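Undergrad: sequence unknown, structure follows:
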């Protein structure tokens, strides 16, 4: 019950807005602790430092956005500024010749790196890490990572784990923490150190948890799939160890992250696309399809998602970015989105609906493991709820395009037949590839069309797919639905390894 309430709360904000809230929360907590003498920084000094860094970041972003003719993303600027405010020691007095040059140059370089250190418009390195690393190299002024103190750890963990839960990156978090902890245990035994004290110093008196939950998980600079993410987390966790060096060179936290970013770059797609709206089509009373043309070819696997940025005036709490699954097949000429419009409409979806033919938006961060297995002989079951049908539309259209038959049964649940979209694709898949579709319509006051069912439950699955224990299940839809069906399948005896669930940051 508690986890459900947490998920309901998290679903109301985007991951970026949640990150902003968390970082502001940490600064407020630090100010309160400083007021009572627990932290060595006064609330006024913390507030001044945060405002100074934000102003520098905002001015730099405005300048570079203008000259590079790239839409400005205010949330990204806020997050970078707030991270810097939590790792650069707050000002002590005026003029503080340690704080001022470090804060100024680290902030300016962090924002500039998003534009200059970019490939095809996609920044390669974590901006805050770049800013403090270059400033340390050139000016000899280093970030203290002052957020890494025992008094801040409980608050860092509360906010950080909420963020990790929101974006479903516990694989990355545990890969980092696991490698870092194992490394500390090894060095403690190797050097005959007190193990408990070594772990205490490493986890409570270091920024490990802040680093792992806030900076390591930044989507733009992490690999797109689970396997590569875990390797990335383990690599950075190893380099984060205080005893690891290359000759006489030791890694600081920011350098460990930048080295990991290089690894992520070579294991990630390099897309940042400008998409031009070609057509808008209403598929159901509250679902629209948007078709876009691209400025370069895009190679993706059916079922993957991207981050979509649509700059617009007066964005609400969910801001200017969303994650949407690509509804199109890789062989289709246009990139298609199927989007459900909830009431009241968010500012993003209002802006999306108001787009005219030829208007532009930006897509980046191609990612996702919710893709067809390489083994074409594996028998599959797809379960979709509402707009969760989009990855399956992509997969089945792709199979039609390449004329590839697979043993697939699709369960597709909606309230009424009018809500079921892409039925033309599923009808073709049935006729040409033998793929079976079972429609479920949950509105109780409506007679069921022939061949449909009222609800997808254990009995329906067992009846329609007698060999369900031999199949791999794919589930896509609202998080509550995905969780419920996963539980049903586990109770039916389906192994965990045979259940794949669709999740991307910002779903719902």
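TA: Yep, that arrived. For clarity, every value in this text was computed on a predicted model and none was experimentally measured. Numbering: from 1, shown residues only.

Undergrad: secondary structure element holding residue 128?
TA: Using DSSP states H and E, the element containing residue 128 is helix 127-139.

Undergrad: residue 381 now?
TA: Element membership of residue 381, judged by DSSP H and E, is strand 380-385.

Undergrad: pLDDT of the very next helix or strand once past that strand, averaged?
TA: Per DSSP H and E, the first helix or strand lying C-terminal to strand 380-385 is helix 390-402. Averaging pLDDT along helix 390-402 gives 97.

Undergrad: which is the next helix or strand following helix 390-402?
TA: strand 408-414.

Undergrad: partner strands of that following strand, with direction?
TA: Here strand 408-414 has these sheet partners by DSSP bridges: strand 380-385 (parallel), strand 436-441 (parallel).

Undergrad: pick the most buried one from those.
TA: Comparing the strands paired with strand 408-414 by mean neighbour count (mean count of other Cβ atoms under 10 Å), strand 380-385 comes out on top with a mean of 24. Glycine gets a C-beta too; all of them are placed from N, C-alpha and C.

Undergrad: now that strand and helix 390-402, what's the angle there?
TA: 140 degrees (axes from the mean of the first three to the mean of the last three Cα atoms, to 10 degrees).

Undergrad: show me the residues around residue 346 that make contact.
TA: Counting by Cβ atoms under 8 Å, 6 or more residues apart in numbering, residue 346 makes contact with 316, 318.

Undergrad: separation between it and residue 22?
TA: Residue 346 sits 21 Å away from residue 22 when distances are taken as Cβ to Cβ, to the nearest Å.

Undergrad: quick one: strands adjacent to the helix or strand that contains residue 288?
TA: When elements are assigned from DSSP H and E, residue 288 belongs to strand 287-294. With DSSP bridges as the test, strand 287-294 is paired with strand 272-284 (antiparallel), strand 335-340 (antiparallel).

Undergrad: any regions of the stretch 101-250 of the chain where pLDDT drops low?
TA: Along the stretch 101-250 of the chain, the model assigns pLDDT under 70 to residues 121.

Undergrad: show me what contacts residue 469?
TA: Neighbouring residues of residue 469 by Cβ under 8 Å, 6+ apart: 492, 493, 494.

Undergrad: residue 492 and residue 410, how far apart?
TA: Separation of residue 492 from residue 410 (Cβ to Cβ): 18 Å.

Undergrad: settle it for me: which of the two has more neighbours?
TA: Each of residue 492 and residue 410 has its neighbours counted (other Cβ atoms under 10 Å); residue 410 has more, 22 against 14.

Undergrad: residues in contact with that one?
TA: Contacts of residue 410 by Cβ under 8 Å, 6+ apart are 381, 382, 384, 392, 396, 426, 435, 436, 437, 438.

Undergrad: is the closest residue to the fifth one other than its chain neighbours in a helix, a strand, or coil?
TA: Leaving aside its sequence neighbours, residue 396 sits nearest to residue 429 (Cβ to Cβ, 6 or more residues apart in numbering; 4.6 Å). Here residue 429 is recorded as helix under DSSP: H, G, I helix; E, B strand; the rest coil.

Undergrad: and the helices in the stretch 201-350 of the chain?
TA: Along the stretch 201-350 of the chain, the segments classed as helices by DSSP state H, counting those that start in this stretch run 208-210, 226-239, 253-266, 347-353.

Undergrad: what sits up against the shortest one?
TA: Going back to what we said before, that points to helix 208-210. With contact meaning Cβ under 8 Å, 6+ apart, helix 208-210 is reached by 26, 86, 145, 147-148, 152-153, 156-157, 160, 177, 180, 202-203, 240.

Undergrad: closest to residue 339 among those?
TA: Using Cβ to Cβ, residue 160 is the member of the contacts of helix 208-210 that sits closest to residue 339, with 30.4 Å.

Undergrad: neighbours around that closest one, how many?
TA: When neighbours are counted by other Cβ under 10 Å, residue 160 registers 22.

Undergrad: next one: the one 4 residues further on
TA: Other residues lying near residue 164 total 21 when counted by other Cβ under 10 Å.

Undergrad: and the next element down the chain from the helix or strand encompassing it?
TA: Assigned by DSSP H and E, residue 164 falls within helix 153-167. Using DSSP H and E, the helix or strand that follows helix 153-167 in sequence is helix 170-190.

Undergrad: on contacts alone, who are the packing partners of that following helix?
TA: Counting contacts by 3 or more Cβ pairs under 8 Å, 6 or more residues apart in numbering; DSSP states H and E, helix 170-190 packs against helix 153-167, helix 195-204, helix 226-239.

Undergrad: in the longest one, what counts as buried?
TA: Put plainly, it is helix 153-167. Neighbour counts over helix 153-167 (16 or more other Cβ atoms under 10 Å) mark 153, 155, 156, 159, 160, 162, 163, 164, 165, 166, 167 as buried.

Undergrad: reformat these as TSV; add distance to residue 448.
TA: Putting the buried residues of helix 153-167 into TSV (distance: Cβ to Cβ, whole Å) gives the following:
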residue	distance to residue 448
153	55
155	52
156	52
159	47
160	47
162	41
163	43
164	42
165	38
166	37
167	38
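
Undergrad: counting by contacts, list what the helix ranked longest in the chain packs against.
TA: Counting by DSSP state H, the longest helix found in the chain is helix 43-68. Secondary-structure packing of helix 43-68 (3+ Cβ pairs under 8 Å, 6+ apart): helix 15-35, helix 74-87, helix 99-116.
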